[in-house]
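Trainee: Provided below for reference: sequence and predicted model.
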There are 2 protein chains.
Amino acid sequence: MSKNAFRPPVMADVAQRAGVSHQTVSRVLNELPNVRQSTKDRVLQAIEELGYRRNLTARALVTRHSRVLGVVSFDTTLYGPASTLHGIEQAARGAGYFVSIVSLKAITHDSVREAIGYLASQGVDGIVLVAPQRQAAQALSSVPDDIPAVAVEGGRARKVPVVSVDQVGGARLAVEHLLELGHRTVWHIAGPADWLEAEGRIKGWQAALTAADRELPEMLTGDWSPRSGYEAGLELPADATAVFVANDQMALGLLRALAERRIKVPKQVSVVGFDDVPEAEFFGPPLTTVRQDFSLVGRHSIDLLLEQLDTDGPIRRRRVIVPAELITRSSTAPPRST
Amino acid sequence: MSKNAFRPPVMADVAQRAGVSHQTVSRVLNELPNVRQSTKDRVLQAIEELGYRRNLTARALVTRHSRVLGVVSFDTTLYGPASTLHGIEQAARGAGYFVSIVSLKAITHDSVREAIGYLASQGVDGIVLVAPQRQAAQALSSVPDDIPAVAVEGGRARKVPVVSVDQVGGARLAVEHLLELGHRTVWHIAGPADWLEAEGRIKGWQAALTAADRELPEMLTGDWSPRSGYEAGLELPADATAVFVANDQMALGLLRALAERRIKVPKQVSVVGFDDVPEAEFFGPPLTTVRQDFSLVGRHSIDLLLEQLDTDGPIRRRRVIVPAELITRSSTAPPRST
DNA sequence: GATGGCGATGTTAGCGTTCACAGTCTTTGC
DNA sequence: GCAAAGACTGTGAACGCTAACATCGCCATC
């Protein structure tokens, strides 16, 4: 117990100084009508003089709205989640909300549940789950009913709106680009099996090849890391001429492996990545890739969340798909043997 | 106004169900002594049955502690800030604190002030400022006295403890490594002038060269982006044999520029980066770089913050320096003309 | 068997807001 | 010039929790 008797001023202090009731101060703060301009000025001046700041905790207690949004995410060190988080934060703050984050080391049904419960007890008004793994999508169905939620890349989550990038379409774009260049078929280095994004890209890859009536090579699988792309690159058959890699980091690893194997890109092998990380343009060679607009994803997820908060009505199941875009650089070219 | 009369259970509901007073429920929840085991069990069971969750807002109102920590950061899309944020979040949650973030688009005195005020009114118990720019460090001196804060990479901030990586030492390591390999001198592509990290690396570079009695080449400057490294790479004089780049992204750009200029790395030019991003190992060639342990930085900053919270006493000015580590890969080699 | 002490529980009063309502003071219309 | 309709302002009671104190047993002590 320190003798520090200093207490930040409260509404009553402001009221007293301005010669009004605390309720009038509240009215001024909340910009309610029917306050005379002169008294409003007095109150504002008193607030200024005292350096008063409204106590949002007390406000939250009575209004039952904290104006805090919770975000549950997986490894915010990765470019995708980090960018999405950033987009969410910007959008939320723009709408006058705070953002409280929980970053999970592992996505399991239980860890997601726990994180959500944790945020719920803190009194968040809504939750965004950025967790593109199947388990996470399932865990979402155990969100308390009274708290609005949105899933990012959440698959066909029950009862919760979903925002996602068009993974299938993006993958198609990549594969079609390679086919148009004249490649017979396209290999794929996929992301980990339990990730919905990996799944979508696999689907798009298969769909594009099937649609063009090409044979489906055996699929290689990585874990998003450059190293796993490198390892896949060492295993890539010598007769492959085109590879679609599920993310840019693995593509980087692949490029490295190919360089070590003295395989020239794009002369002998064309490579397409996914994400368009800022570095992609400066890979050796600059990487053709599929761009995802993460900040748009973040913004949409907040929009959907706020929509639920405003209507307060039954949750409209909705799904927002953000298109992906092919960025053509110099890691792709027609096959040698044309 | 919906007819939704559903209200989550409150302490009184639990109390009634367990046949005790709400205060006893509180005691159980807070694990205070002097509650008979049998009543504790009854309370716990009632909590379980009702699915009760304590309302942390109400708790915060009366205890004047929210158990929320605020983080103000700059562009959480960058690898460094994102990793630091992640480290902070992990450490904070481990200590039972929530993390509320504000990510700034531009670091100015005013924007930092505003962000801090914003967090303060939300009632955070403490603030971590991750903002390695000079303006931010200054803005920190305007933090309200009653709220503990810690700066990450904050320079010699007044009255606030600082956690930082040993930028100068890291840069020295890089330059000394190059000199030991036999290079006459080392060029430097620096980060933007107003960043303290850039400044520290410049200092280390200069110090190492001066200590070895070498001439100081003209310094090139970038903005951390791969593109700026690329542009600097185009301007690099042909007689340069070794370059220390202030971060890995710019180093990537440099590698690209050198590749285009048909300059072989490391045969003709050696390159050292800074950060050790996960991709660095797979650059062409794998990049020798200086590793910063961002998660350790995050952990230390939380430690320092909690220390202030616990002691509640006068703020002990402290400074924690996290050492940097040289990671030797294959982008460095002895100069050709040895 | 009165006294004290201590463990276990209950009671009351806030924390700083907003909400619902009750006032009071101006207008306005005729 | 007077009533009614508005504008403006104040009063009390929540919100759900913890802190401080009060109370009740029960046992040890002399």
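Mentor: The structure has been received and is ready for your questions.
Trainee: which parts of the stretch 201-338 of chain A sit against chain B?
Mentor: A:225-227, A:229-230, A:249, A:252-253, A:255-256, A:259, A:278-279, A:281-284, A:286, A:312-313 (CB under 8 Å from any CB of the partner chain). C-beta here means a position set from N, CA and C on the backbone, and glycine is covered the same way.
Trainee: if you set the cut-off to 6 Å instead, what comes out?
Mentor: A:Pro226, A:Leu252, A:Gly253, A:Arg256, A:Ala259, A:Glu279, A:Phe282, A:Gly284, A:Asp312 (CB under 6 Å from any CB of the partner chain).
Trainee: so which of the residues you listed belong to helices?
Mentor: A:Pro226, A:Leu252, A:Gly253, A:Arg256, A:Ala259 (DSSP state H).
Trainee: who touches stretch A:67-78?
Mentor: A:81-82, A:85, A:88, A:92, A:97-104, A:107, A:115, A:119, A:124, A:126-131, B:82-83, B:86 (CB atoms under 6 Å, 6 or more residues apart in numbering or on different chains).
Trainee: what does the average pLDDT come to for that stretch?
Mentor: Regarding stretch A:67-78, the rounded mean pLDDT is 91.
Trainee: what does stretch A:259-273 give?
Mentor: pLDDT averaged over stretch A:259-273 gives 97.
Trainee: quick one, strands of the stretch 151-300 of chain A?
Mentor: Ranges of strands in the stretch 151-300 of chain A, per DSSP state E, counting those that start in this stretch, are A:162-165, A:187-190, A:220-221, A:242-245, A:270-272, A:289-291.
Trainee: how about the ones you listed in TSV, adding distance to DNA strand C and mean neighbour count?
Mentor: Compiled in TSV, those are given as follows (distance: least, CB to the nearest atom of the strand, whole Å; neighbours: other CB atoms under 10 Å in any protein chain shown):
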stretch	distance to DNA strand C	mean neighbour count
strand A:162-165	30	26
strand A:187-190	51	25
strand A:220-221	53	20
strand A:242-245	52	30
strand A:270-272	53	27
strand A:289-291	43	26
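Trainee: what residues does A:Ala95 make contact with?
Mentor: Here A:Ala95 is in contact with A:Leu306 (CB under 6 Å, 6+ apart).
Trainee: any idea how far A:Leu173 is from A:Val99?
Mentor: To A:Leu173, A:Val99 is 32 Å away according to CB to CB, to the nearest Å.
Trainee: DNA strand D contacts on chain A?
Mentor: A:19-24, A:27, A:33-36, A:38-40, A:58, A:61-62, A:64 (CB under 7 Å from any atom of the strand).
Trainee: about what we covered before: and which of the ones in helices among the residues of the stretch 201-338 of chain A next to chain B is nearest DNA strand D?
Mentor: Among those, A:Pro226 lies closest to DNA strand D (CB to the nearest atom of the strand), at 47.2 Å.
Trainee: quick check: the closest one vs B:Ile116, distance?
Mentor: 37 Å.
Trainee: hmm, A:Tyr230 is touching A:Arg256, no?
Mentor: Yes - here A:Tyr230 lies in contact with A:Arg256, judged by CB atoms under 6 Å, at a distance of 5.3 Å.
Trainee: neighbour count winner among the two?
Mentor: Neighbour totals were compared for A:Tyr230 and A:Arg256, and A:Arg256 leads with 25 against 21 (other CB atoms under 10 Å in any protein chain shown).
Trainee: who touches that one in this structure?
Mentor: Contacts of A:Arg256 by CB under 6 Å, 6+ apart are A:Tyr230, B:Phe282.
Trainee: repeat that for the one 10 residues further on.
Mentor: By CB under 6 Å, 6+ apart, the contact list for A:Pro266 reads A:Ser331, A:Thr332, A:Ala333.
Trainee: now do the phi/psi pair for the last one.
Mentor: To tie it back to what came earlier, the one meant is A:Ala333. Torsion angles at A:Ala333 (phi, psi; degrees, to the nearest 10) stand at phi -160, psi 170.
Trainee: low-confidence ranges in chain A?
Mentor: A:1-6, A:142, A:155-158, A:312-317, A:337-338 (pLDDT under 70).
Trainee: if I pick A:Ile302, what's in contact with it?
Mentor: A:Ile88, A:Ala91, A:Ala92.
Trainee: between these, which has the most around it?
Mentor: A:Ile88 (31 neighbours).
Trainee: count the residues that sit near the one residue in the stretch 151-300 of chain A that gets nearest to DNA strand C.
Mentor: Residue nearest to DNA strand C within the stretch 151-300 of chain A (CB to the nearest atom of the strand): A:Pro161, separated by 26.6 Å. Number of residues near A:Pro161 (other CB under 10 Å) recorded here: 23.
Trainee: now swap in A:Lys267 and tell me
Mentor: 12.
Trainee: ok, which stretches of the stretch 1-150 of chain A are strands?
Mentor: Under DSSP E, counting those that start in this stretch, the stretch 1-150 of chain A gives strands at A:68-74, A:98-104, A:126-130, A:149-152.
Trainee: quick check, central residue of chain A?
Mentor: A:Thr84 (3.1 Å; CA atoms, centre = their mean).
Trainee: once you drop chain neighbours, what's closest to it?
Mentor: A:Phe294 (4.7 Å; CB to CB, 6 or more residues apart in numbering or on different chains).
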